[in-house]
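Student: What shape does this take:
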Amino acid sequence: MPTPSKAAILVAPHAPLVIDQVTFPDPAPDQVLVKLFASGVCHSQLHQMHRTPQTAHRGTPAVFPSLLGHEATGVVVATGSQVTHVQEGDHVITTWVDRGAVEGAAPRSSATVQWHGQAVPAGPATWTEYALLSERLVVALPKEVATDVTSIIGCAVLTGSGVILNTLDVRVNESVAVFGAGGVGLCAIAAARIVGAYPIIAVDLSDDKLAFAQRFGATHGVNATHDDPVKAIHDLTGGGVDYAIDAIGAARTQEQILYAARPGGIGLKQGGTACLVGAVQELGRIDVEELRITQRTYTGTRGSLCRPDRDFPVFVRWYQRGQLDLDALVTQRYTLEQINEAVADLSAGRIHGRSIIVYP
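Tutor: Okay, here's the model as predicted:
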């Protein structure tokens, strides 16, 4: 039976989101319908909102109208006939990364909703009261675990903590610098502390955000408005960090992380690693000769090699033990009707940590 739902609809680039009713169809055999508890408000959605129909991002054109959001928690209200790992009544985390990716697997099923007689792509959208998505994007959440702040596990934690655990495999006493103390950067800082990294250097343009980063494990802060962050990092570490992470994706920070990583020595040791995590909207200029001469490594990640089936239970345990303080990380809550206010606050830099939408 079709399910009506309020949703935030992107009708045109740079335009306010429209709150209106859409209708979800019944789940396909491999899909799950989830009534949402909460959804994260991710900065990457701002980039999507500002693309135009003529703009293709790595070959993917902008589509209007469409639904947004990609990290949430909810309760399963219906499942397709082929779904076996969750059932009606289960609490779940939704995400945009395959819970157990297999090389060569068939593409995930897609979903659309009806809005005023037209089909609108729903994707893994979570700025809606309900979500209809492939069962490969749903991971069970124990019912005793909070369902509001855990909504950001599906992207912010996956990306930020995942880059420390999976992409870089950071070890005890290795040094880390994180450019950008927003939601993803703070999750990287928290994971670095959990695995025993030292020092952990946060880089941002705001003293308030740098102070906030200390709550999650930053041992030092560098305000790039006043100081050259590369020089400051070299001064703090005696030559550069083992891992420099760009959680912003700006052209300047893409370049800075290369030089923030320590250089290697010919015949002696490999240099440090620079890792691009933030969504890129403008390309920086990377000096490949610098890479060769200093034997540094420059890499990037989308999804941080995270496998939600394996990693989400780890992140939930960290939260339950007080190691990953999601209660502190989520600093602002909105209703769906306030989504344009949430977007404006995020765009203006008024959010420390991560904001979420909470559904009744």
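
Student: Quick check: chain neighbours aside, which residue is closest to residue 276?
Tutor: Spatially, and ignoring its direct neighbours in sequence, residue 276 is nearest to residue 300 (4.0 Å; C-beta to C-beta, 6 or more residues apart in numbering). Where C-beta positions appear, they are placed from N, C-alpha and C, glycine not excepted.

Student: For the one you found, what are phi and psi?
Tutor: Backbone dihedrals for residue 300, given as degrees, to the nearest 10, come out at phi -140, psi 170.

Student: Give me the pLDDT value at it.
Tutor: Listed pLDDT for residue 300 reads 96.

Student: Quick one: residues contacting it.
Tutor: Shown in contact with residue 300 (C-beta atoms under 8 Å, 6 or more residues apart in numbering): 275, 276, 277.

Student: Out of the residues you listed, which is nearest to residue 91?
Tutor: residue 277 (28.2 Å; C-beta to C-beta).

Student: shouldn't the closest one be in contact with residue 159?
Tutor: Yes. Using C-beta atoms under 8 Å, residue 277 is in contact with residue 159, at 6.2 Å.

Student: list the residues that contact both of those two?
Tutor: Listed as contacting both residue 277 and residue 159 by C-beta under 8 Å, 6+ apart are 184, 304.

Student: ok so, going back, please report the distance of the residue nearest to residue 276 from residue 229.
Tutor: 19 Å (C-beta to C-beta, to the nearest Å).

Student: cool, and residue 338?
Tutor: As judged by C-beta to C-beta, residue 338 and residue 229 stand 34 Å apart.

Student: Between these two, point out the one with more neighbours.
Tutor: Neighbour tally, residue 338 and residue 229, criterion other C-beta atoms under 10 Å: the higher count belongs to residue 229, 24 against 15.

Student: and residue 38, what are its bridge partners?
Tutor: With DSSP bridges as the criterion, residue 38 is bridged to residue 73, residue 358.

Student: gap between the two ends of stretch 199-207?
Tutor: By C-alpha to C-alpha, to the nearest Å, the extent of stretch 199-207 from end to end equals 19 Å.

Student: returning to what we had before: which one of the contacts of residue 300 sits closest to residue 83?
Tutor: Distance to residue 83 across the contacts of residue 300 (C-beta to C-beta) is lowest for residue 277, with 31.5 Å.

Student: returning to that earlier point: which ones among the contacts of residue 300 are found in strands?
Tutor: 275, 276 (DSSP state E).

Student: Just the closest of the contacts of residue 300 to residue 129, please.
Tutor: Nearest to residue 129 among the contacts of residue 300 is residue 277, at 30.5 Å by C-beta to C-beta.
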